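# Okay, sequence plus prediction incoming.
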Amino acid sequence: MNDLETRELRYFIAVAEDLHFGRAATRLAIAQPALSKAIKRLETRLGVALFIRSSRSVALTHAGEVLLEHGRSALNALSVAVERAKRVGTDEHLRLVLKPGGDANLLSAILAAYSRHPDARRVDILFSGATDRIDYLHDGRADVALLYVPFDDTTGLAYKTLLVEDRVAVLPADHRLAGRACVRWADLDGETFPRWPGIAGSGTGPDVTDVAQLFPLVAIGRLIAVLPRSLVSPMAPGVVLVPVEDAEASRIVIARSDRDQRSTVATFIAAAASVAQRPDPSRAS
């Protein structure tokens, strides 16, 4: 990076995100004049303008937009590389991130299968929020993740499918559709669905962050939901599950960054896949 130092890239990204030199300087804990000079030096060395400045506003040029897009990826890759380099030569642990309750009862069998490999390492279990497991993989906080497809974005990830399951409508026991053997999406028109933080357009009802919050609201008739069966089994009192026959199937996958080619990660994923290939009557719908 002869033309661009990491420090300069961090400075540029801060200004590009805030579009305000003063706020960016505060965030970076440096003086605003020093930040302005650093950006000007960078533009001179690159031979392009990165910002359009006026007395009232700051905007990105096209060159600035391109540098922001690729600069973020470069900093993230550098951060991951540094983190992994620090762990080389140590008693490296594998870190698995999952949503609480989001393993469809596969976790114990996966860990047991992995422990039988001669190069198995200790596995640290991390629990994430509703929508940030992918971030754990991209920024190096976790090595592998259990994800739900198509709900989680698998761009930049390599993964193997462990379980394919149906999606069910979570309804109050006295709901007009509760006695049906199955329903279709059209039958649910006009119903109130929860708003899931971090998922745009997910619903118009109350904010819900997990199934523990969901069940009481469904039971009293405030809303309904459509979710993978494993996330809502077993049922709570006052709630019924009805398959949605035209809903896309949900898949639980074991994923890693597609840049991570470590043999220890590959071994863990292979162990997880071997568990998924065994029939398990307890998961039958």
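All right, it came through fine.
# so how far does stretch 236-251 reach from one end to the other?
The stretch stretch 236-251 measures 23 Å between its terminal residues, going by CA to CA, to the nearest Å.
# Please identify the buried residues of that stretch?
By neighbour count, with 16 or more other CB atoms under 10 Å as the criterion, the buried positions of stretch 236-251 are 239, 240, 241, 242, 243, 244, 247, 250, 251. For glycine as for every other residue, the C-beta is placed from the backbone atoms N, C-alpha and C.
# So for that stretch, mean pLDDT?
For stretch 236-251, the mean pLDDT works out to 94.
# Same question for stretch 205-214.
86.
# For the stretch 1-150 of the chain, which segments count as helices?
Counting by DSSP state H, counting those that start in this stretch, the stretch 1-150 of the chain has helices at residues 6-18, 21-28, 32-46, 62-87, 107-115, 133-138.
# Strands of this structure, start to end?
Read by DSSP state E, the chain holds these strands, from start to end of the chain: 51-53, 58-60, 94-98, 123-127, 144-149, 157-165, 167-172, 225-228, 239-243, 250-257.
# got JSON lines for the ones you listed, with distance to residue 70 too?
Supplementary listing: these in JSON lines, determined by distance: least, CB to CB, whole Å:
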{"stretch": "strand 51-53", "distance to residue 70": "17"}
{"stretch": "strand 58-60", "distance to residue 70": "13"}
{"stretch": "strand 94-98", "distance to residue 70": "26"}
{"stretch": "strand 123-127", "distance to residue 70": "29"}
{"stretch": "strand 144-149", "distance to residue 70": "25"}
{"stretch": "strand 157-165", "distance to residue 70": "19"}
{"stretch": "strand 167-172", "distance to residue 70": "37"}
{"stretch": "strand 225-228", "distance to residue 70": "35"}
{"stretch": "strand 239-243", "distance to residue 70": "45"}
{"stretch": "strand 250-257", "distance to residue 70": "17"}
